[in-house]
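J.: sequence-free structure coming up:
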């Protein structure tokens, strides 16, 4: 079992991972003014490299987590996030900022394929463990909104990176002290606790990968675009960054509670049933948001973000249920690489799409993506059918 402080630091790391990647999205207008760029939409594509590396970097991160050790990789994460924050603070133009964000995205890629499998390794209730961890990550998103808005209004955008960067280094020192040394790299385990028939394994992996892509598209578009969406639909927020940050933090804080509910449900019911129950509601809510204005849009945002956040635990739950611990970091790394590699294009396209067509069209596109998620989730085989296939496979082998 993980030391309680180790589990706490792993959850804080998830919060820092999302917080530091999303400071830019909240501060983009202030950074554009500082660098003499006319519109925030024109600066938004410069963060694309961070999200590309967040995805691509997950493959070597997952491989190193399994073959070298997850504790060592988490230390690289904590200290690397602090160092990359310093690089961002030193940036003097858009291209320097883009390169520093690439470094941060590369280091941030470590967490999901390494930290979550480390957290799940000894738990008897993976659903609620994933739910708590996901809530921590989403509270990091909320903290990014409220802290960045506060720092911009009362200090400057660079402070918004300095503070979490310093916190990450402090957490790294604590992790070094409390996280126990591993007995051996996970890949060196000789006993496999989970072994699926090839047909079931391939189908599960395909569903997990495609679902990860659609969920990441919804996640990246909303978390990077919600601030500007609120300003467009509630013009009073345009010159009040602290209030905007507070409202975004309220949205993300309330929405993050959905992961606790989903986590409990995943421990009690089949994954497929829980997935379909959440995902079926997403598309109608995005359609509603497309035609909402003012405070109605704010209320709709709380609900659709609860559904977006509520769907995040599904791919980790699939990995925990169907993938042996000895290869979880590598499988998770491949999943993150594919999903964020594709969805990083969404971050690049966010500014140009909104500039050309407006948020109405953008939200209609998200409704379409959510409908695709439903079709994909429907294809996940039931756990009973997989169990029967596993038994038949064992008998045929014998």
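T.: Yep, it's here. All figures in this text were calculated on a predicted structure; none of them were measured in a lab. Numbers count the residues shown, from 1 in each chain.
J.: correct me if wrong: residue 19 contacts residue 144.
T.: Yes - applying CB atoms under 8 Å, one finds residue 19 in contact with residue 144, separated by 4.4 Å. C-betas here are computed from N, CA, C, even on glycine.
J.: between these two, which has more neighbouring residues?
T.: Higher neighbour count among residue 19 and residue 144: residue 144, with 29 against 26, using other CB atoms under 10 Å.
J.: please state the offset of the helix or strand harbouring that one from the chain centre?
T.: Using DSSP states H and E, residue 144 maps to helix 126-154. Relative to the centre of its chain, helix 126-154 is centred 11 Å away, using CA atoms, centre = their mean, to the nearest Å.
J.: which strands and helices sit next to that helix?
T.: Packing partners of helix 126-154 (3 or more CB pairs under 8 Å, 6 or more residues apart in numbering; DSSP states H and E): helix 4-34, helix 111-120, helix 159-178, helix 241-268, helix 313-322.
J.: which of the residues in the first one are buried?
T.: Counting neighbours by 16 or more other CB atoms under 10 Å, one finds that the buried residues in helix 4-34 are 6-32.
J.: now stretch 157-167
T.: Buried residues in stretch 157-167 (16+ other CB under 10 Å): 157, 158, 159, 160, 161, 162, 163, 164, 165, 167.
J.: what comes into contact with that stretch?
T.: Stretch 157-167 has contacts (CB atoms under 8 Å, 6 or more residues apart in numbering) with 16, 19-20, 23, 26-27, 30-31, 34, 81-86, 88-89, 147-148, 151-152.
J.: what's the answer for stretch 327-339, then?
T.: Counting by CB under 8 Å, 6+ apart, 54-63, 65-66, 70, 109, 112-114, 116-117, 120, 186-187, 205, 208-209, 212-213, 215-216, 315-316, 319-320, 323 sit against stretch 327-339.
J.: OK, contacts around the closest residue to residue 136 other than its chain neighbours?
T.: Spatially, and ignoring its direct neighbours in sequence, residue 136 is nearest to residue 11 (4.0 Å; CB to CB, 6 or more residues apart in numbering). Residues near residue 11 by CB under 8 Å, 6+ apart: 119, 132, 133, 136.
J.: same check, this time on residue 7
T.: residue 119.
J.: how near is it to residue 172?
T.: Distance of residue 7 to residue 172, computed by CB to CB, to the nearest Å: 16 Å.
J.: pLDDT below threshold where in the stretch 151-300 of the chain?
T.: 183-201 (pLDDT under 70).
J.: flag every buried residue along stretch 107-122.
T.: By 16+ other CB under 10 Å, the buried positions in stretch 107-122 come out as 107-120.
J.: ugh, wrong one, I meant stretch 297-315
T.: By neighbour count on 16+ other CB under 10 Å, the buried set for stretch 297-315 is 297-298, 300-315.
J.: could you tell me the angle between the helix holding residue 144 and helix 159-178?
T.: 140 degrees (axes from the mean of the first three to the mean of the last three CA atoms, to 10 degrees).
J.: quick one: buried residues of helix 126-154?
T.: Residues of helix 126-154 classed as buried by neighbour count (16+ other CB under 10 Å): 126-152.
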